[in-house]
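J.: Here is a sequence with its predicted model. Questions after.
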Amino acid sequence: MRVSSVGWAYDSLEEVEKFAEISARVSHNHPEGIKGAKAVAAAIFLGCAGRSKTEILDYVEHAYGSPGFLRLP
């Protein structure tokens, strides 16, 4: 996914999400595609910032909605 580099290229989550959207618009000009790209870039940024898997998942679910399959019993 081209957007993965956006997750470590910027210094703030806001910048990461902004540039992830710009990156995604080139080939994913649909709200769900853009949302997915922003979620991936945000998750990478948060992981590089030392956040736990639970914190990352909580952020992505809150900001972008839950895909449903990530919370396994």
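T.: Received, thanks.
J.: Could you list which residues are in contact with the most centrally placed residue in the chain?
T.: The C-alpha lying nearest the average C-alpha coordinate of the chain belongs to residue 39 (CA atoms, centre = their mean; 2.1 Å). Applying CB atoms under 8 Å, 6 or more residues apart in numbering, we find residue 39 in contact with 60, 63-64. For every residue, glycine as well, the C-beta is placed using N, CA and C.
J.: What is the nearest of these to residue 45?
T.: Nearest to residue 45 out of the contacts of residue 39 is residue 60 (CB to CB; 11.1 Å).
J.: okay, now the closest one: neighbour count?
T.: 19 (other CB atoms under 10 Å).
J.: Other residues contacting the helix or strand hosting it?
T.: Using DSSP states H and E, residue 60 maps to helix 53-64. Here helix 53-64 makes contact (CB under 8 Å, 6+ apart) with 35-36, 38-39, 42-43, 46-47, 51, 70-71.
J.: Now it: average pLDDT?
T.: Averaging pLDDT along helix 53-64 yields 93.
J.: Mind listing what's buried along that helix?
T.: 56-57, 59-60, 64 (16 or more other CB atoms under 10 Å).
J.: do the same with stretch 15-31
T.: Quick answer for stretch 15-31 (16+ other CB under 10 Å): 16-17, 19-21, 23-24, 28.
J.: can you redo the residues you listed as CSV with secondary structure and distance to residue 2?
T.: Output for the buried residues of stretch 15-31, formatted as CSV (DSSP: H, G, I helix; E, B strand; the rest coil; distance: CB to CB, whole Å):
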residue, secondary structure, distance to residue 2
16, helix, 14
17, helix, 15
19, helix, 11
20, helix, 10
21, helix, 13
23, helix, 6
24, helix, 8
28, coil, 10
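J.: ok, so of these, who is nearest residue 5?
T.: Nearest member of the buried residues of stretch 15-31 to residue 5, counting by CB to CB, is residue 23, at 8.7 Å.
J.: Under the pLDDT cut-off, which ranges of this structure? List them.
T.: Residue ranges of the chain with pLDDT under 70: 67-73.
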